[in-house]
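*Asks:* Have a look; sequence and predicted model below, questions after that.
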Amino acid sequence: MRAVVCRELGPPEQLRLEEIDDPRPGPGEVLVDVRAAGLNYPDLLMIQGKYQMRPDLPFVPGAEAAGVVAEVGDGVAHPSPGTRVAFTPPVGAFAERCVAPATHVMPIPDELSFEQAAGFSITYGTSYHALKQRARLQEGETLLVLGAGGGVGSTAVELGKVMGATVIAAAGSAEKLAYARSKGADLEVNYRDDDLKARVKELTGGKGADVVYDPVGGDLAEPALRATAWDGRFLVIGFASGDIPAMPLNLALLKGLSIVGVFWGAWATRDPRASQQNFAELFEMARDGRIAPEATETYELADYLDAFRAIAERRARGKLVLRT
């Protein structure tokens with residue numbers, strides 16, 4: 001089968017498209033014929049050796065995909081061969097076939113294409129867990145989303161609206177803000193032009209945001225923390241800027257706010273039943289049109305380098321998908 005292979009850590013240019021042996025499912029595992037795979041910022045970090053999980057070399061990157069179950073290992077009753085599924089292996093999705101634990105494989109509704117489903121799991125899974133379990137976002141609260149035009153940020157905008165929040169989208173270009181508005185954002189901040197803290201305070205009548213969703217980090221994190229309301233929740237999603245900020249913890253004391261870490265993958269492994277319930281709710285939202293998953297940029301597997309560069313250069317708008 002064809003697969004994108006990482007044989008040495010470094011930039012995307014050191015990846016290679018190769019012919020390798022098909023994987024085989026072990027006990028409790030499922031083999032899937034991959035039709036499409038989602039590309040995320042952590043994939044870039046992983047091939048550089050900068051992610052919290054560091055697989056042994058060589059490895060095939062890719063942590064979410066969709067396809068059709070080809071074979072199941074011992075002890076697997078569901079899903080059965082022929083089932084359309086989305087799945088989240090630790091690695092291996094950027095290939096024509098991939099093995100994943102059966103607990104990480106979910107049948108997908110007929111309403112979702114493989115491309116939609118391939119980019120669904122990590123972005124929607126992360127954002128829903130962040131807003132539901134970690135922030136306990138309430139109807140009528142204000143949600144500030146940094147990186148609102150990106151793959152994970154745009155799902156936070158969308159889900160925030162479904163959950164009844166007033167959503168402030170923050171992004172660095174008019175194009176990305178326009179995309180966030182198309183996903184339901186009520187208000188916006190262009191942090192290339194505006195003072196983030198001052199603009200959020202202005203938009204909230206001086207109160208600040210009840211919940212801040214930050215997948216960007218870097219220089220934006222502290223002004224966003226300062227723009228958080230009393231008793232607010234600051235969600236640490238990731239560091240797409242490349243820099244992990246040093247936060248002034250006295251602000252947490254002065255504002256009575258919580259700085260909350262969000263690691264959806266680890267949580268889903270520790271509490272698979274709750275994760276499956278989240279996805280049951282998300283798929284129902286997709287069925288009835290409350291959320292609209294989409295692959296905004298689709299690349300063929302052979303064009304993986306162009307896709308990785310779009311992520312690395314922060315040009316991506318919405319969700320990037322590799323199609324096998």
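*Replies:* Noted; the coordinates are in hand.

*Asks:* I'd assumed residue 12 was in contact with residue 309.
*Replies:* Yes: with contacts counted by C-beta atoms under 8 Å, residue 309 reaches residue 12, the gap being 6.3 Å. In short, each C-beta sits where N, CA and C put it, glycine included.

*Asks:* Between the two, point out the one with more neighbours.
*Replies:* residue 12 (20 against 15; other C-beta atoms under 10 Å).

*Asks:* what's near enough to touch the more buried one?
*Replies:* By C-beta atoms under 8 Å, 6 or more residues apart in numbering, residue 12 lies in contact with 44, 47, 304-305, 308-309, 312.

*Asks:* run the last query once more with 7 Å
*Replies:* 47, 305, 308-309, 312 (C-beta atoms under 7 Å, 6 or more residues apart in numbering).

*Asks:* Could you do residue 19 as well?
*Replies:* Residue 19 is in contact with residue 2, counting by C-beta under 7 Å, 6+ apart.

*Asks:* Spatially central residue for this protein, please.
*Replies:* residue 123 (2.7 Å; C-alpha atoms, centre = their mean).

*Asks:* Test my guess that that one contacts residue 319.
*Replies:* Yes: at 6.3 Å, residue 123 and residue 319 qualify as touching, with contact defined as C-beta atoms under 7 Å.

*Asks:* Could you name every residue contacting both of those two?
*Replies:* residue 151.

*Asks:* Out of the contacts of residue 12, which end up buried?
*Replies:* 47, 305, 308 (16 or more other C-beta atoms under 10 Å).

*Asks:* Spatially nearest residue to the last one, not counting backbone neighbours?
*Replies:* Residue nearest to residue 308 in three dimensions, not counting chain neighbours: residue 12, with 3.5 Å by C-beta to C-beta, 6 or more residues apart in numbering.

*Asks:* Is residue 86 within a helix or a strand, and which one?
*Replies:* Element membership of residue 86 [criterion: DSSP states H and E] is strand 84-87.

*Asks:* Spit out the contact partners of the residue nearest to residue 35 when sequence neighbours are not counted.
*Replies:* Using C-beta to C-beta, 6+ apart and skipping the chain neighbours, the partner closest in space to residue 35 is residue 114 (3.9 Å). Neighbouring residues of residue 114 by C-beta under 7 Å, 6+ apart: 35-36, 66-67.

*Asks:* go on, residue 154?
*Replies:* 148, 179-180, 183, 318.

*Asks:* Counting neighbours, which of these comes out on top?
*Replies:* Top of the contacts of residue 154 by neighbour count (other C-beta under 10 Å): residue 148, with 31 neighbours.

*Asks:* Sketch out the low-pLDDT regions of the stretch 51-200 of the chain for me.
*Replies:* Filtered on pLDDT under 70, the stretch 51-200 of the chain yields no residues whatsoever.

*Asks:* any chance you could map the helices in it?
*Replies:* 114-118, 121-129, 151-162, 174-182, 196-203 (DSSP state H, counting those that start in this stretch).

*Asks:* Which of these sits closest to residue 144?
*Replies:* With C-beta to C-beta as the measure, helix 196-203 is the member of those nearest residue 144 (5.9 Å).

*Asks:* any idea which helix or strand comes after that closest one?
*Replies:* Next along from helix 196-203, by DSSP H and E: strand 209-214.

*Asks:* next one: that next one to chain centre, how far?
*Replies:* Put simply, strand 209-214 sits 17 Å off its chain's centre (C-alpha atoms, centre = their mean, to the nearest Å).
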